[in-house]
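> next comes the sequence, and after it the predicted model I'd like to discuss.
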Amino acid sequence: MEEILLNKTETRCLVYSGEQADIFEKWVHYFGATDPNELDLGMLMAIHDWVMDRLEPRARGQRQER
């Protein structure tokens, strides 16, 4: 059977798990917003990709180790 892949517009109705919702909220606050409606669509799509990969924002001032 052929696998059907969802495009970005079809995935907007997916529901986040509790952990993913927490990560999403952290990203929103990381960018200085109190509500997701304060961010543009491009930023929200980037955040969604990071949430799906379970990537959390680093604390401000924290440097990445090389």
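Happy to help now that I have it. All figures in this text were calculated on a predicted structure; none of them were measured in a lab. Residues are numbered from 1 along each chain as shown.

> how close does S17 sit to I23?
Here S17 is placed at a distance of 9 Å from I23 (CB to CB, to the nearest Å). All C-beta atoms are positioned from the backbone trio N, CA, C, and that covers glycine.

> repeat for H29
Per CB to CB, H29 is found 11 Å from I23.

> out of these two, which sits in the busier spot?
When H29 and I23 are compared for neighbours, I23 comes out ahead with 21 against 11, by other CB atoms under 10 Å.

> just checking, that one touches M52?
No - I23 lies out of contact with M52 (CB atoms under 8 Å); the separation is 9.5 Å.

> can you give me the end-to-end distance of stretch 24-35?
End-to-end distance for stretch 24-35: 11 Å, by CA to CA, to the nearest Å.

> point out where this structure drops to low pLDDT.
Within the chain, the stretches with pLDDT under 70 are 1-14, 60-66.

> go with 90
Judged by pLDDT under 90, the chain has its weakly predicted residues at 1-17, 58-66.

> which residues of it fall in helices?
18-30, 41-52 (DSSP state H).

> any chance of those in a markdown table with distance to A59 as columns?
Shown next, in a markdown table, are the helices of the chain (distance: least, CB to CB, whole Å):
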| stretch | distance to A59 |
| --- | --- |
| helix 18-30 | 9 |
| helix 41-52 | 16 |
